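Participant: Below: sequence and its predicted model.
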Amino acid sequence: MDTIHICGGKRLEGEIPIHGAKNSALPLLAATLLAADVSELTNCPQLADVSASIAILRHLGCAVTQTEDRVTVDAAHLHCGYVPDALMRQMRSSIVFLGAIIARCGEAVLTHPGGCELGPRPIDLHLSSLRRLGVTVEEEHGRIRCSASRLRGAEITLPFPSVGATENILLAACTAEGTTVLRHAAREPEIGDLCAFLNACGARIAGGDNGTIVIEGVPRLHGARHRVMADRIEAATYLAAAAATGGTLTLKHCPSLPVSPVFAPLEQAGCAIAAVGEDLHIAAPSRLGGLGAIRTLPYPGFPTDAAAPLLAAACIGEGTTVCVETIFENRYRYVDELTRMGAHIRVDGRVAVVEGVSALRGADVACTDLRGGAALLVAALAAEGETRLTALHHLDRGYENPVGCLQAVGAHITRY
Ligand code: EPZ
């Protein structure tokens with residue numbers, strides 16, 4: 001069983017290069033299926049979830065090569081539209097293959113996706129939207145069989161701006177007959193990145209900033225090259241690590257706008273954050289203040305994925321921080337582990353109240369999910385004494401080489 005060992009209490013100082021975004025790379029990899037051609041992604045992070053996506057692509061018949069951050073997908077010869085349950089269960093994003101497979105093959109058979117346990121994560125919006133585009137969906141014994149002799153553009157209004165459903169609609173509608181107008185679409189920056197890649201492949205997608213996306217169907221797409229956008233949640237995690245340790249960090253290759261929804265609580269706690277060209281700089285006070293009130297919301301609101309690492313920093317902030325989680329039902333499973341480290345947090349349903357303490361202490365803790373694992377890492381960096389962090393498979397899904405990145409800025413951290 002792998003363990004990360006941290007001797008906490010070291011102030012972080014230096015530069016961390018921000019990798020490509022997991023939540024952008026995964027739908028982009030699915031999108032490479034749409035063209036019977038070769039596509040290339042650069043700045044693609046090396047993560048367990050990316051490996052899982054590549055395994056799905058290979059299963060479907062794609063030839064995939066991965067060299068460091070470059071992934072090349074040749075989707076010329078697909079031999080099936082079936083994704084086995086074992087591959088579907090590896091991550092939530094396996095569901096975005098649905099729109100791509102149905103667009104390319106006319107038929108898809110898969111099962112419900114896996115992913116972090118954050119409460120119920122239905123796919124009803126994905127399926128009802130695909131139905132609007134002319135897909136017949138049959139569900140039996142957990143298996144989802146989708147077929148469409150041809151996809152037709154449609155007017156779709158999402159009741160909630162689901163990120164995954166928006167991605168699936170985009171993937172299915174690019175080569176549908178006619179125009180699709182998608183209202184109340186997700187506006188997360190990763191959606192913009194997907195649209196940029198699809199347009200580079202010959203799609204005709206417009207709008208998006210105001211929540212309405214217009215997709216004019218084209219007969220076919222071709223392959224394209226694309227650089228995956230920077231991971232705004234990895235960036236938010238390292239901002240939280242700097243805040244928790246009184247540190248000063250420069251996050252390289254990290255445009256500020258996508259990360260900006262997390263700035264206000266960190267600034268309220270006394271951090272100074274500035275964009276310097278394509279980099280992001282944070283200087284934290286020696287004693288952090290409270291982070292005030294955080295309410296997770298769809299973009300451009302505060303991202304649910306950044307709440308856990310910021311709350312971990314709040315644990316040693318002087319004062320109170322209140323977080324209301326509006327996106328997922330059960331996203332505080334890591335709180336019990338933080339409590340082992342001396343944190344004072346009360347959770348009532350979707351609300352967490354953190355009373356900052358003067359010091360956290362190292363402990364043996366286990367990641368409960370991806371962002372919960374990141375929260376424990378942040379707390380351990382700030383805590384007095386030693387922390388041993390286990391269940392690292394959660395962390396490996398979404399953070400590339402966190403140990404190396406943190407060692408380079410002065411953390412005493414090793415993995416064995
Ligand atoms: C994406 O998940 C991200 N995952 C999540 O990041 C992120 O937390 C989430 O968007 C919100 O920003 C990826 O991009 C791979 P949603 P997704 O569809 O697409 C409900 C991380 O840590 N819903 O916007 O699954 C759903 O239950 C992960 O990196 C329905 O009810 O998010 C949830 O309450 C975790 N029916 C809410 O909408 C549906 O059909 C948001 O889900 C779809 C969603």
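Facilitator: Yep, that arrived.
Participant: got a pLDDT number for the closest residue to Ala52 other than its chain neighbours?
Facilitator: In space, and not counting its chain neighbours, Ala52 is closest to Gln90: 4.1 Å by CB to CB, 6 or more residues apart in numbering. Where you see a C-beta, it was placed from the backbone N, CA and C, and this is true even at glycine. Looking at Gln90, its pLDDT stands at 82.
Participant: I would like the residues contacting the helix or strand containing Leu338, please.
Facilitator: Using DSSP states H and E, Leu338 maps to helix 335-340. By CB atoms under 8 Å, 6 or more residues apart in numbering, the residues outside helix 335-340 that reach it are 311-312, 315, 343, 345, 347, 352, 363-366, 368, 372, 375-376, 379.
Participant: and the gap between Tyr299 and Ala308?
Facilitator: Distance from Tyr299 to Ala308, counting by CB to CB, to the nearest Å: 17 Å.
Participant: Correction: the previous question concerned Thr42.
Facilitator: In terms of CB to CB, Thr42 sits 29 Å off from Ala308.
Participant: Those two - which one has more neighbours?
Facilitator: Legend: neighbour count by other CB atoms under 10 Å for Thr42 and Ala308, higher for Ala308 (32 against 14).
Participant: Dump the helix or strand containing that one to CSV, restricted to CA.
Facilitator: According to DSSP H and E, Ala308 maps onto helix 304-314. The C-alpha trace of helix 304-314 is given here as CSV (Å, rounded to 0.1, in the frame of the first residue of the first chain):
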residue,chain,number,x,y,z
THR,A,304,-17.2,22.6,-5.7
ASP,A,305,-13.9,20.9,-6.5
ALA,A,306,-11.9,23.6,-4.8
ALA,A,307,-13.9,23.6,-1.5
ALA,A,308,-12.1,20.8,0.2
PRO,A,309,-8.5,22.1,-0.2
LEU,A,310,-9.6,25.6,0.8
LEU,A,311,-11.5,24.4,3.8
ALA,A,312,-8.3,22.5,4.9
ALA,A,313,-6.4,25.8,4.8
ALA,A,314,-9.3,27.4,6.8
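Participant: Would you state the helices of the stretch 151-300 of the chain in chain order?
Facilitator: Per DSSP state H, counting those that start in this stretch, the stretch 151-300 of the chain carries helices over the ranges 163-173, 189-200, 232-245, 263-268.
Participant: Using a markdown table, lay out those together with mean pLDDT and distance to the ligand.
Facilitator: Listed next are the helices of the stretch 151-300 of the chain as a markdown table, based on pLDDT from 0 to 100; distance: least, CB to the nearest ligand atom, whole Å:
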| stretch | mean pLDDT | distance to the ligand |
| --- | --- | --- |
| helix 163-173 | 97 | 3 |
| helix 189-200 | 98 | 6 |
| helix 232-245 | 98 | 6 |
| helix 263-268 | 98 | 17 |
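Participant: residues contacting the spatially closest residue to Leu392 that is not a sequence neighbour?
Facilitator: Leaving aside its sequence neighbours, Leu392 sits nearest to Asp2 (CB to CB, 6+ apart; 4.8 Å). Contact analysis of Asp2 by CB under 8 Å, 6+ apart lists 390, 392, 415-416.
Participant: For PyMOL, write a command that selects the buried ones of those residues.
Facilitator: Selection of the buried residues among these in PyMOL, burial being defined by 16 or more other CB atoms under 10 Å:
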select buried, resi 390+392+415
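Participant: Tell me which of the contacts of Asp2 fall in strands.
Facilitator: 390, 415 (DSSP state E).
Participant: Span of stretch 384-397 from start to end?
Facilitator: Terminal residues of stretch 384-397 lie 27 Å apart, using CA to CA, to the nearest Å.
Participant: what comes up buried for that stretch?
Facilitator: Buried residues in stretch 384-397 (16+ other CB under 10 Å): 387, 389-392, 394-397.
Participant: Repeat that for stretch 22-35.
Facilitator: So, applying 16+ other CB under 10 Å, buried residues of stretch 22-35: 22-35.
Participant: Need the CA coordinates for that stretch. CSV is fine.
Facilitator: Output of stretch 22-35 as CSV, limited to C-alpha atoms (Å, rounded to 0.1, in the frame of the first residue of the first chain):
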residue,chain,number,x,y,z
LYS,A,22,-8.0,16.5,-15.9
ASN,A,23,-11.6,17.6,-16.4
SER,A,24,-10.7,19.0,-19.8
ALA,A,25,-8.4,16.2,-21.0
LEU,A,26,-11.1,13.5,-20.4
PRO,A,27,-13.8,14.9,-22.6
LEU,A,28,-11.2,15.9,-25.2
LEU,A,29,-10.0,12.3,-25.4
ALA,A,30,-13.6,11.2,-25.9
ALA,A,31,-13.9,13.9,-28.6
THR,A,32,-11.0,12.4,-30.6
LEU,A,33,-13.4,9.6,-31.5
LEU,A,34,-15.6,11.8,-33.6
ALA,A,35,-13.2,12.0,-36.6
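Participant: Enumerate the residues of the stretch 101-250 of the chain near the ligand.
Facilitator: Selection of the stretch 101-250 of the chain residues close to the ligand by CB under 6 Å from any ligand atom yields 116, 120-126, 160, 162-165, 188.
Participant: And the furthest pair within these?
Facilitator: Pro120 and Glu188 (20.4 Å; CB to CB).
Participant: neighbour count winner among the two?
Facilitator: Higher neighbour count among Pro120 and Glu188: Glu188, with 22 against 8, using other CB under 10 Å.
Participant: Distance of that one relative to Met229?
Facilitator: 11 Å.
Participant: what's the answer for Arg132, then?
Facilitator: Taking CB to CB, one finds Arg132 at 28 Å from Met229.
Participant: Hmm, Phe302 and Arg295 touching each other?
Facilitator: Yes: Arg295 is within contact range of Phe302, at 6.3 Å (criterion: CB atoms under 8 Å).
Participant: who touches stretch 62-77?
Facilitator: So stretch 62-77 is in contact with 19-20, 29, 32-46, 50, 54, 57-58, 61, 78, 104, 223, going by CB under 8 Å, 6+ apart.
Participant: From start to finish, how long is stretch 86-103 in a straight line?
Facilitator: Taking CA to CA as the criterion, the two ends of stretch 86-103 lie 23 Å apart.
Participant: for stretch 86-95, same thing?
Facilitator: Stretch 86-95: ends 13 Å apart by CA to CA.
Participant: try stretch 163-182
Facilitator: Stretch 163-182: ends 13 Å apart by CA to CA.
Participant: before we move on, what about stretch 355-363?
Facilitator: 19 Å.
Participant: Sweet, I'm off.
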